[in-house]
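>>> Have a look at this prediction, sequence included:
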Amino acid sequence: MDAKALLAKHVASGHEYVVHFTATWCGPCKRVEPRILAHVAETGVPYVCFDIDEFDDVAAEWSIGTVPTFVRCKGAERLSEFAGADEHKFRAMCELALASPAAVPAENVDLAEVPRAI
């Protein structure tokens with residue numbers, strides 16, 4: 001499933017999930033990405049990632065001006081967000097998403113199959 005389809009699935013589900021905006025040229029993005037993806041694989045947090053250059057339409061729709069940016073959502077509602085390569089904030093955001101009564105953690109997440117648009 002591609003990133004846009006996965007995002008549409010998360011929006012339609014009404015559960016909480018995390019959206020990650022990144023760029024291939026972004027040094028801090030590259031530095032934090034392996035730990036972000038490992039955390040996603042370990043926890044099964046519902047997650048989708050977009051490269052702002054490849055998916056400039058999505059970045060514009062979400063008004064993303066800085067990368068990396070992480071957004072916690074429930075359905076189509078943005079609940080919280082932050083910009084910057086802060087792994088601790090990302091982990092806290094994931095904990096909130098997973099603690100939601102409507103959260104549907106992914107099962108047996110294979111790091112190689114984490115949907116990313118980068």
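Here it is on my side, so go on. The structure displayed is predicted, hence computed values, not measured ones.
>>> My read is that Tyr47 contacts Leu7, right?
No. At 10.3 Å, Tyr47 does not count as touching Leu7 under the criterion of C-beta atoms under 8 Å. C-beta coordinates here come from the backbone N, C-alpha and C atoms, glycine included.
>>> who touches both of the two?
Common neighbours of Tyr47 and Leu7, using C-beta atoms under 8 Å, 6 or more residues apart in numbering, are Val19.
>>> When these two are compared, which one has more neighbours?
Tyr47 (25 against 22; other C-beta atoms under 10 Å).
>>> So what pairs up with the more buried one in the strands?
Val18 (DSSP bridges).
>>> Against Val11, how distant is it?
Per C-beta to C-beta, to the nearest Å, Tyr47 is found 14 Å from Val11.
>>> Same question for Glu61.
12 Å.
>>> And the longest helix seen in the chain, what does it pack against?
Scanning the chain for the helix with the most residues, using DSSP state H, yields helix 27-43. Packing partners of helix 27-43 (3 or more C-beta pairs under 8 Å, 6 or more residues apart in numbering; DSSP states H and E): strand 16-22, helix 87-99.
>>> Tell me, what's the model's pLDDT at Arg91?
We have a pLDDT of 97 for Arg91.
>>> My read is that it contacts Ile36, right?
No. Between Arg91 and Ile36 there is no contact under C-beta under 8 Å: 9.2 Å.
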